[in-house]
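S.K.: sequence and predicted structure below; questions after.
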Amino acid sequence: MPAVSKGDGMRGLAVFISDIRNCKSKEAEIKRINKELANIRSKFKGDKALDGYSKKKYVCKLLFIFLLGHDIDFGHMEAVNLLSSNRYTEKQIGYLFISVLVNSNSELIRLINNAIKNDLASRNPTFMGLALHCIANVGSREMAEAFAGEIPKILVAGDTMDSVKQSAALCLLRLYRTSPDLVPMGDWTSRVVHLLNDQHLGVVTAATSLITTLAQKNLEEFKTSVSLAVSRLSRIVTSASTDLQDYTYYFVPAPWLSVKLLRLLQCYPPPEEPAVRGRLTECLETVLNKAQEPPKSKKVQHSNAKNAVLFEAISLIIHHDSEPNLLVRACNQLGQFLQHRETNLRYLALESMCTLASSEFSHEAVKTHIETVINALKTERDVSVRQRAVDLLYAMCDRSNAQQIVAEMLSYLETADYSIREEIVLKVAILAEKYAVDYTWYVDTILNLIRIAGDYISEEVWYRVIQIVINRDDVQGYAAKTVFEALQAPACHENLLKVGGYILGEFGNLIAGDPRSSPLIQFSLLHSKFHLCSVPTRALLLSTYIKFVNLFPEVKATIQDVLRSDSQLRNADVELQQRAVEYLRLSTIASTDILATVLEEMPPFPERESSILAKLKKKKGPGTVTDLEGSKRERSADMNGAAEPAPANTSAASTPSPSADLLGLGAVPSVPTGPPPSSGGGGGLLVDVFSDSASAVAPLAPGSEDNFARFVCKNNGVLFENQLLQIGLKSEFRQNLGRMFIFYGNKTSTQFLNFTPTLICSDGLQSNLNLQTKPVDPTVDGGAQVQQVVNIESLSDFSEAPVLNIQFRYGGTFQNVSVKLPITLNKFFQPTEMASQDFFQRWKQLSNPQQEVQNIFKAKHPMDTEVTKAKIIGFGSALLEEVDPNPANFVGAGIIHTKTTQIGCLLRLEPNLQAQMYRLTVRTSKDTVSQRLWELLSEQF
């Protein structure tokens, strides 16, 4: 807003502001404002026409009142009238008022747009600047529709003044950020690139910001900007501070422009032309050399500007990752900052070195700073810097220093801030597993980790310990001995008890020969801690006890006494009660052979990406999210079901998989596979109007097909939601078996009565897919959630999907909802890694026309490489890197498992970015499988 001194001719505004400031109370201020508003309203409605000065003064007062927090509902038309004035100060106030108070839905927007068009066409640089600033400040979609085609012409016109070019570039940038689809790419794009050669550095700075944003989504169209950016950067870097006096900041020539140019170059790979590449290398070397020179000023502004250019140059060096000499020099330069007195520099140095550590050229150079980083971890006051030090230690770790780094992180963990303990736990667990040459060290490390930070051990960590112990015969005895000794401590964490219970239940027999760890002592040790545990841990220990019955017949009577006690058979928790009853019955009636078969040792888990690593990736992502919603973002490694032991709170009778822990002990009721039967006998003629059971199955809910398609490449998320009900899914699959958890959430405050979910399979699907489930509680309280477990077995290949029908009463009204349940053939995919030669040999074997389905289709979603990779992995197949001769293509391989057969599958996806098309080829040994997999996968792109 313009100044309000007496010299500007708006004395009335100065008096009004003075009155407001002199008010002693809020009430006095409101009274004065209301008086002024009444005066302004009367002036605007009066018979006497106001001159431009008066309109400007009153509009200024309205603007000031609005900025004080009061609503303004008049004066807009007068502000619009000011736009047509030829006086700068009047036009300026009009644009200012509109930028602040007029929204995009205003009826005046057409008049405003006309005034802006007139100013843009006037060729008056001052008026054009005001108009462009208004467009950028409002930045609405309507503004973009009206001016997105006009502004590029102004920007590249030869007679446009430099100040207007600056404004036009930034205005177009604003419109592109808010409405990218409305900014047309055209001939102007090649001309705007040449603004990088403009003599006016202000124009170059604004154009660089615009080109950088445009190039991120239109790389090919702005590829010529690379050589121009290198040329301009070279001129800036090699110039003396006196050469660019207007753009030199504390002896640093054009630091903002240098940073912007370096960021633009990070949009592209290293230049292919040797001359351009050599010139860029010289620029980067010059920046690194200048960093070694003594400072030309002691002021902080000088060092900030100098370091800003340096860090951006290092980011570009890391991005290119092609010049070993530059990478090592950058690492050495950052190493000097690790002990700098400025906290921000230490933070940035650690952050940049984390990225450098991933480069094969600079990894060894980063490792030389390990002692400095460890010292920072111990002595640094700022928690954010300590966290970056942990990240760097994690990044620089390899087999040569793993034990040292893990030991230091464990030592730091005892005093670490609570906010980063969980992340350190995950990193220690990953490093211990990844670089474990001796797995006894791995077991010792994880148990030590549980001892130090048991509260921060997630399920993924102790699941992973059990997977590794089960998969490695050479460490099982040592693991059993070590956990047995750890459990003898007077107080041990519950997570240690989970690990100990599981491992002793599987491998306790390996240490039973020692009198100090006899079967009875093992059982007594575990049971002495039983009453201190939570329900899930007690459930796991009961499973351990029944395993002991099979491993150690001599303690069978003791364990049966425990299972027979009232505290178990009449336990208030239905899960514990069910386990106690079933395990007692199993131990009583089953023969030794049956017992040994049912309670046999866990088979090895299939090797997949560590679920701990997947959790760390998720934790380091954009943010943490809740259970079902967060599952939408899970990476593909866990999408097909992580290789983890069955959770302890899973009912022993609710899982069909023979490879899970203690499964299939009780009969599971069959799933209703059709609508409820009508009443038999003569009563069938009488219709019970109050009954829900005779209701027909509702048609599929709107959007059901779209939601179904979204679950083809993921296993977790929200399947359906309306104003009453939310249905969420979490599922896991292994070979031809699967388990799905369905969560029904009541979003209201009123109970759902007669709540009945039913799975419906067609006659053809029943013979190919076996589903088993348990009924849920017919009453769902307001705001509550109930869970239903569905056990799935694929008997043969299938193309249909079951329907989930939910019927209930809400507030006396009968509700009937149907959705397709996302159980698809690809869920039973097991990924298969293949070399290039093996892949194409198998590809040729599957060359019969009946075995191949190939089609070309239009891309329905943006063609993003990383998203495509994630979808193919989420689909279930292995993504085979460097197999196809064309690196832009994607190939995958896997096996579909059913009870009756295994079907090998190969797929090849060929994207055409220019045409926005895909060609998808699927080859399998069975034509129906090829067709179904093609249909499912093609819908994802």
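M.R.: Received the coordinates, thanks.
S.K.: and residue 487, how far from residue 513?
M.R.: Applying Cβ to Cβ, to the nearest Å, the value for residue 487 to residue 513 is 18 Å. Placement of C-beta: from N, CA and C, glycine included.
S.K.: ok, now residue 375?
M.R.: 48 Å.
S.K.: more crowded one of those two?
M.R.: Comparing residue 375 with residue 513 by other Cβ atoms under 10 Å, the one with more neighbours is residue 375, at 14 against 8.
S.K.: remind me which residues of this protein are low pLDDT?
M.R.: 1-9, 47, 104-106, 241-243, 245, 607-615, 617-696 (pLDDT under 70).
S.K.: can you pull the contacts of the closest residue to residue 443 other than its chain neighbours?
M.R.: Leaving aside its sequence neighbours, residue 443 sits nearest to residue 479 (Cβ to Cβ, 6 or more residues apart in numbering; 5.0 Å). Contact analysis of residue 479 by Cβ atoms under 8 Å, 6 or more residues apart in numbering lists 443, 469, 503, 507.
S.K.: so residue 479: helix, strand or coil?
M.R.: When classified by DSSP: H, G, I helix; E, B strand; the rest coil, residue 479 comes out as helix.
S.K.: ok, it to residue 442 distance?
M.R.: Residue 479 is 9 Å from residue 442, by Cβ to Cβ.
S.K.: also residue 934?
M.R.: Taking Cβ to Cβ, one finds residue 934 at 43 Å from residue 442.
S.K.: and the next element down the chain from the helix or strand containing residue 568?
M.R.: In the assignment (DSSP states H and E), residue 568 maps to helix 566-569. Heading C-terminal from helix 566-569, the first helix or strand you meet, by DSSP H and E, is helix 574-589.
S.K.: list the buried residues for the helix or strand just after that next one?
M.R.: Per DSSP H and E, the first helix or strand lying C-terminal to helix 574-589 is helix 592-598. Using 16 or more other Cβ atoms under 10 Å as the test for burial, helix 592-598 gives 595, 598.
S.K.: and what of stretch 136-148?
M.R.: Applying 16+ other Cβ under 10 Å to stretch 136-148 flags 136-140, 142-144, 146-148 as buried.
S.K.: from those residues, which single one is nearest residue 745?
M.R.: Nearest to residue 745 out of these is residue 140 (Cβ to Cβ; 37.4 Å).
S.K.: related to what we said a few turns ago, most neighbours out of the contacts of residue 479, which is it?
M.R.: Neighbour max across the contacts of residue 479 (other Cβ under 10 Å) = residue 443, 27 neighbours.
S.K.: relative to residue 857, how far out is it?
M.R.: Distance from residue 443 to residue 857, by Cβ to Cβ: 51 Å.
S.K.: likewise residue 531?
M.R.: From residue 531 over to residue 857 the distance is 62 Å, taken as Cβ to Cβ.
S.K.: just the CA coordinates of whichever helix or strand residue 430 is part of, formatted as PDB?
M.R.: Using DSSP H and E, residue 430 sits within helix 418-434. C-alpha atoms of helix 418-434 as PDB (Å, rounded to 0.1, in the frame of the first residue of the first chain):
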ATOM      1  CA  TYR A 418      12.900 -40.400  21.800                       C
ATOM      2  CA  SER A 419      11.800 -38.900  18.500                       C
ATOM      3  CA  ILE A 420      14.500 -40.800  16.500                       C
ATOM      4  CA  ARG A 421      14.800 -44.100  18.500                       C
ATOM      5  CA  GLU A 422      12.500 -46.100  16.300                       C
ATOM      6  CA  GLU A 423      14.300 -45.100  13.100                       C
ATOM      7  CA  ILE A 424      17.700 -46.000  14.700                       C
ATOM      8  CA  VAL A 425      16.200 -49.400  15.700                       C
ATOM      9  CA  LEU A 426      15.200 -50.100  12.100                       C
ATOM     10  CA  LYS A 427      18.500 -49.000  10.700                       C
ATOM     11  CA  VAL A 428      20.500 -51.200  13.200                       C
ATOM     12  CA  ALA A 429      18.300 -54.200  12.400                       C
ATOM     13  CA  ILE A 430      18.700 -53.700   8.700                       C
ATOM     14  CA  LEU A 431      22.500 -53.200   8.900                       C
ATOM     15  CA  ALA A 432      22.900 -56.200  11.200                       C
ATOM     16  CA  GLU A 433      21.000 -58.400   8.700                       C
ATOM     17  CA  LYS A 434      22.600 -57.000   5.600                       C
END
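S.K.: SS state for residue 712?
M.R.: coil.
S.K.: what's the neighbour count on it?
M.R.: Around residue 712 sit 20 other residues, with neighbours defined as other Cβ under 10 Å.
S.K.: between residue 531 and residue 857, which one's more packed in?
M.R.: residue 857 (13 against 8).
S.K.: quick check: bridge partners of that one?
M.R.: With DSSP bridges as the criterion, residue 857 is bridged to residue 918.
S.K.: for it, what are its contacts?
M.R.: Counting by Cβ under 8 Å, 6+ apart, residue 857 has contacts 917-918, 920, 938, 941.
S.K.: and what of residue 65?
M.R.: 33, 36-37, 72.
S.K.: check which element follows the strand or helix carrying it along the chain.
M.R.: Using DSSP H and E, the element containing residue 65 is helix 52-67. Next helix or strand after helix 52-67 toward the C-terminus (DSSP H and E): helix 76-83.
S.K.: what is the orientation angle of that next one with helix 52-67?
M.R.: Relative orientation of helix 76-83 and helix 52-67, computed by axes from the mean of the first three to the mean of the last three Cα atoms, to 10 degrees: 130 degrees.
S.K.: right, and the helix or strand after helix 76-83?
M.R.: Criterion used, DSSP H and E; the element after helix 76-83 is helix 88-101.
S.K.: from the contacts of residue 479, which is closest to residue 831?
M.R.: residue 469 (23.8 Å).
S.K.: any idea how far residue 510 is from the closest one?
M.R.: From residue 469 to residue 510 the distance is 11 Å (Cβ to Cβ).
S.K.: which helices and strands sit right next to the host helix or strand of residue 558?
M.R.: Assigned by DSSP H and E, residue 558 belongs to helix 556-564. Judged by 3 or more Cβ pairs under 8 Å, 6 or more residues apart in numbering; DSSP states H and E, helix 556-564 is in contact with helix 519-527, helix 535-551, helix 574-589.
S.K.: recalculate using a threshold of 6 Å.
M.R.: Contacts defined by 3 or more Cβ pairs under 6 Å, 6 or more residues apart in numbering; DSSP states H and E place helix 556-564 against helix 535-551, helix 574-589.
S.K.: who wins for proximity to residue 404 among these?
M.R.: Of all the helices and strands packed on helix 556-564, helix 535-551 comes closest under Cβ to Cβ, at 34.2 Å.
S.K.: got a list of contacts for the closest one?
M.R.: 494, 497-498, 501, 505, 509, 523, 526, 530, 555-556, 559, 573, 575-576, 579, 583, 587, 595-596, 599, 648-649, 661-662 (Cβ atoms under 6 Å, 6 or more residues apart in numbering).
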